[in-house]
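>>> need a structure here:
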Amino acid sequence: MKKLFCNLFGHHYSVSKKVTLHIKEYKCIHCGKEVTTDVSGNLSTLTPELQDINNTLEVIYKKRHRAAQQVA
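Numbering: from 1, shown residues only. Next up, the predicted model:
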């Protein structure tokens, strides 16, 4: 029933994870489909490869910002 809702009206995404300021992961509140923003800012299906890339980006982003906060 939930997939039928998404087929008729489209997905209703909410942010499930903020990777960086510009890259986020989204999840449909009805069917659970997961997507992420790609290089050009469009939504792409969240594959295991993209999820691994996002996790690596998150680690680098946190390390860089943690170091910047300690210096300031």
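>>> got any ranges where the protein has weak pLDDT?
Along the chain, the parts satisfying pLDDT under 70 run over 71-72.
>>> Quick test: name the residue nearest the centre of it.
residue 25 (1.2 Å; Cα atoms, centre = their mean).
>>> Is there a neighbour count for the closest residue to residue 23 other than its chain neighbours? I'd like the number.
Nearest residue to residue 23 in three dimensions, chain neighbours excluded: residue 37, at 5.2 Å (Cβ to Cβ, 6 or more residues apart in numbering). Just so you know, the C-beta spots here come from the backbone N, C-alpha and C atoms, and that holds for glycine as well. Neighbourhood size, residue 37 [other Cβ atoms under 10 Å]: 18.
>>> now do the one 10 residues further on
The local packing of residue 47 (other Cβ under 10 Å) involves 11 other residues.
>>> Equivalent analysis for residue 16, please.
15.
>>> Ok, the one 4 residues further on next?
The criterion is other Cβ under 10 Å. On that basis, residue 20 has 15 neighbouring residues.
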